[in-house]
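>>> let me see the structure of the following:
(one chain, ligands or ions: 1)
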Amino acid sequence: MLILDDTITAIATPLGAGGLGVIRLSGTQAIEVASLLFQGPPSLKNSPSHTLHHGVLKEGTEILDDVVVGLFRAPRSYTGEDVVEFSCHGGAQVLRRVLESCLRAGARMADPGEFTRRAFVNGKMDLTQAEAVGDLIAARSDAQRRLALDALHGKITRPIQPLRDKLLHLLAHLEAHLDFVEDEIPDLSRAGLRDELRFTREALETLVGTPGRHRLWREGVRVAIVGRPNAGKSSLFNAFLQENRAIVAAVPGTTRDTLEESVVWDGVPLTLVDTAGLRETDDRVEKEGADRARQALAGANLIFFVVDAENGPRSEDREVAKTVGDRPTILVLNKIDRVTGPPLASLESRWRRGLPWEEAPVSLVSARTSIGLRELGRAALRLAGAGEEPHEPGIVLNARQGERLREAIDALSRALTGVDAGVPEEALAIELRLTLGALNNLTGQGAPEEVLDAIFSRFCVGK
Ligand code: GDP
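Numbering: from 1, shown residues only. From the prediction side, this is the model:
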């Protein structure tokens, strides 16, 4: 259980050298703790909310830093509690000392995501908005930033609220009908009920049925680079990254033993996994290597199947092709710089016939000279289903939100079948309650503690 009556603190900015580094305090004792350290002309305790103060932080006789203090009184703060923010000089030693002093003055170290969790618990935001805070911080592309900001501003919850009200109204009607003698309550006709439920279901379907391309803007595309040894997988991986200057830092949560990098390609985050890095030479570990390659394949949205255009197709190519199966694949004819003999069209058809991808898109590239890489990137986005970057990104749900919405739709569908089959109102009421439960869960009302733990533990400390 979350304890809300203590005061938490954390460094809210990344550790390293910077102009500023911010330390946050939140809780009933936040202003008290800050007052023990801060020395400036006004006393923080008597200062109004939303004010800034310049002074020094001191522990005993020692000055820790020159700071600007931001004061936010409950409930008009990020967490809904009293919040104090120290803008310190952004050095790791400064921040470490100030943090330690805050802890000694009575605050406790915040858990990951605890500031945002408190904001959620105190009703400053719903769960979709809290999730959006994490997404906004983690955004790798401009489209991801905009989607996260939309969600933060309530774009996911806003259309759900009136539907929830409607369902509550219908439920109240059904339940009233159960509790009283029939002719005392004006009867909601079955046809009327059916229309209302259908309308609600359609509205929810629209929300869940965000086109796949929007999902790609949110989640990105994962590409596994597959092929026989020496086809040029690693070279292609490197050439692709070089072609794109804006290499993004390693994706959090990925294991070190898979070689993967993310870039933003035409606005879409594209993660490349080089399965050459998974190849093992030793027999003992061969199985492990194959397992990892399979995992890389399973997690990929599409495959670059790389071949040495000059030499093949060989039985080794066909062997590797078997592991790919029928996943969306682009046949990448690499080392095209070396091909001098046959015209490219016949080369293409020779490869198509030699491998199980007669229909697959083909890209002619040279990892060495970077010929064809731009086209390969575009072909990848096309195959993954990313169209034009959405100007109006709409609503894009994450997996959790999508599941809750599906549950709501399923329960509504059962209610609709029930209406047509003439089942008793009691049974309909049960399904409506399940629908409402799923919608409440989506926005966080009554979401189980484990769900909240899982969401907020993905945040960093200080968020
Ligand atoms: P991997 O085993 O599939 O990862 O293959 P590598 O990327 O290690 O490449 C195998 C060999 O092919 C290396 O000697 C590369 O320099 C060479 N190679 C890769 N791509 C090209 C290319 O486009 N053109 C030429 N001429 N050589 C290439």
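>>> switch to C-alpha atoms for all contacts and neighbour counts from now on
OK.
>>> tell me who's in contact with residue 405.
Taking Cα atoms under 8 Å, 6 or more residues apart in numbering, we find residue 405 in contact with 204, 208, 438-439, 442.
>>> biggest helix in this structure by residues?
Longest helix in the chain, counting residues (DSSP state H): helix 399-421.
>>> how far does that helix sit from the chain's center?
Relative to its chain's centre, helix 399-421 lies at 24 Å (Cα atoms, centre = their mean, to the nearest Å).
>>> other SSEs contacting whatever helix or strand comes next after it?
Per DSSP states H and E, the first helix or strand lying C-terminal to helix 399-421 is helix 425-443. When contacts are defined as 3 or more Cα pairs under 8 Å, 6 or more residues apart in numbering; DSSP states H and E, helix 425-443 sits against helix 127-138, helix 160-179, helix 399-421.
>>> what residues does the protein have near the ligand?
Selection of the chain residues close to the ligand by Cα under 6 Å from any ligand atom yields 229-235, 276, 334-335, 337-338, 366-368.
>>> quick one, which of those residues are buried?
Among the residues of the chain next to the ligand, the ones that count as buried by 16 or more other Cα atoms under 10 Å are 229, 231-235, 276, 334-335, 337, 366-368.
>>> looking at those, which two lie furthest apart in space?
276 and 337 (21.5 Å; Cα to Cα).
>>> for residue 457, which residues are in contact?
111-113.
>>> next one, pLDDT for it please.
Model confidence at residue 457, given as pLDDT, is 87.
>>> likewise for residue 142?
For residue 142, pLDDT reads 85.
>>> residues contacting it?
Counted by Cα under 8 Å, 6+ apart, residue 142 has contacts residue 267.
>>> ok, residue 224 next?
272-275, 296-297, 300, 302-304.
>>> at 6 Å what do you get?
273, 300, 303 (Cα atoms under 6 Å, 6 or more residues apart in numbering).
>>> which among the residues you listed end up buried?
When the contacts of residue 224 are checked against 16+ other Cα under 10 Å, the ones flagged as buried are 273, 300, 303.
>>> mind listing what the residue nearest the centre of the chain touches?
Geometric centre of the chain, nearest residue: residue 135, 5.2 Å, by Cα atoms, centre = their mean. Listed by Cα under 6 Å, 6+ apart, the contact set of residue 135 reads residue 148.
>>> against residue 148, how distant is it?
Distance, residue 135 to residue 148, using Cα to Cα, to the nearest Å: 6 Å.
>>> same question for residue 110.
On the measure of Cα to Cα, residue 110 and residue 148 end up 24 Å apart.
>>> more crowded one of these two?
residue 148 (27 against 20; other Cα atoms under 10 Å).
>>> tell me the contacts of that one?
Residue 148 touches 132, 135-136, counting by Cα under 6 Å, 6+ apart.
>>> if you set the cut-off to 8 Å instead, what comes out?
132-133, 135-136, 139.
>>> show me which of these is closest to the ligand.
The ligand lies nearest to residue 139 out of those, by Cα to the nearest ligand atom, at 30.1 Å.
>>> that closest one is in contact with residue 147, isn't it?
No. Residue 139 is beyond contact range of residue 147, at 9.2 Å (criterion: Cα atoms under 8 Å).
>>> so which of the two has more stuff around it?
residue 147 (25 against 19).
>>> the more buried one reaches residue 218, doesn't it?
Yes. Using Cα under 8 Å, residue 147 is in contact with residue 218, at 7.1 Å.
>>> next one, pLDDT for the closest residue to residue 227 other than its chain neighbours please.
Distances taken as Cα to Cα, 6 or more residues apart in numbering put residue 306 closest to residue 227, at 4.9 Å, once the chain neighbours are dropped. According to the predicted model, the pLDDT of residue 306 comes to 92.
>>> before we move on, which element is residue 306 in?
strand 302-308.
>>> right, and the helix or strand after that strand?
Past strand 302-308, the next helix or strand by DSSP H and E is helix 315-324.
>>> partners of the next helix or strand after that following helix in the sheet?
Counting by DSSP H and E, the next helix or strand C-terminal to helix 315-324 is strand 329-334. Applying DSSP bridges to the sheet, strand 329-334 is found paired with strand 302-308 (parallel), strand 362-364 (parallel).
>>> what's in contact with the longest one?
Counting contacts by Cα under 8 Å, 6+ apart, the residues outside strand 302-308 that touch it are 221-228, 230-233, 297, 313, 317, 321, 324, 327-335, 380, 383-384.
>>> quick one: it to helix 315-324, angle?
180 degrees (axes from the mean of the first three to the mean of the last three Cα atoms, to 10 degrees).
>>> restrict strand 302-308 to CA atoms and write it as PDB.
The C-alpha coordinates for strand 302-308 follow below in PDB (Å, rounded to 0.1, in the frame of the first residue of the first chain):
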ATOM      1  CA  LEU A 302       9.400  -7.400 -40.100                       C
ATOM      2  CA  ILE A 303      12.500  -9.100 -41.400                       C
ATOM      3  CA  PHE A 304      15.300  -7.900 -43.600                       C
ATOM      4  CA  PHE A 305      16.400 -11.100 -45.200                       C
ATOM      5  CA  VAL A 306      19.900 -10.300 -46.400                       C
ATOM      6  CA  VAL A 307      21.700 -12.200 -49.200                       C
ATOM      7  CA  ASP A 308      24.900 -11.800 -51.000                       C
END
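>>> distance from the chain centre to that strand, please.
The chain centre lies 28 Å from the centre of strand 302-308; the measure is Cα atoms, centre = their mean.
>>> please apply the same query to stretch 159-178.
With Cα atoms, centre = their mean, you get 32 Å for stretch 159-178.
>>> could you do stretch 436-452 as well?
Counting by Cα atoms, centre = their mean, stretch 436-452 is centred 18 Å from the centre of its parent chain.
>>> now that stretch: average pLDDT?
91.
>>> contacts for that stretch, please.
With contact meaning Cα under 8 Å, 6+ apart, stretch 436-452 is reached by 1, 126-128, 157, 160, 164, 167-168, 400-401, 404-405, 407-408.
>>> ends of that stretch, how far apart?
19 Å.
>>> switch to numbering from 771
That works, and once the first residue is 771, the last one we named lands at stretch 1206-1222.
>>> that one: which residues count as buried?
Buried residues in stretch 1206-1222 (16+ other Cα under 10 Å): 1206-1214.
>>> could you do stretch 893-909 as well?
In stretch 893-909, the ones that count as buried by 16+ other Cα under 10 Å are 894-906, 909.
>>> looking at the contacts of residue 994, spot the one nearest the ligand.
residue 1043 (11.5 Å).
>>> ok so residue 841 is a strand residue?
Yes. Under DSSP: H, G, I helix; E, B strand; the rest coil, residue 841 falls within a strand.
>>> and the average pLDDT for stretch 1034-1052 is what?
72.
>>> can I get stretch 841-860 as CSV, trimmed to CA atoms?
Presented in CSV, the C-alpha positions along stretch 841-860 are these (Å, rounded to 0.1, in the frame of the first residue of the first chain):
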residue,chain,number,x,y,z
LEU,A,841,7.1,26.6,-3.6
PHE,A,842,3.7,25.0,-4.5
ARG,A,843,1.1,24.5,-1.8
ALA,A,844,-1.5,21.7,-1.8
PRO,A,845,-3.6,21.1,-3.7
ARG,A,846,-2.3,23.3,-6.5
SER,A,847,0.9,21.3,-7.2
TYR,A,848,2.0,18.5,-9.5
THR,A,849,1.3,15.8,-6.8
GLY,A,850,-1.6,17.6,-5.1
GLU,A,851,0.5,17.9,-2.0
ASP,A,852,2.9,20.6,-0.7
VAL,A,853,5.8,20.6,-3.2
VAL,A,854,9.2,22.3,-3.0
GLU,A,855,11.6,22.3,-5.8
PHE,A,856,15.3,23.3,-5.3
SER,A,857,16.9,24.5,-8.5
CYS,A,858,20.5,23.8,-7.7
HIS,A,859,23.7,24.0,-9.8
GLY,A,860,23.5,20.8,-11.9
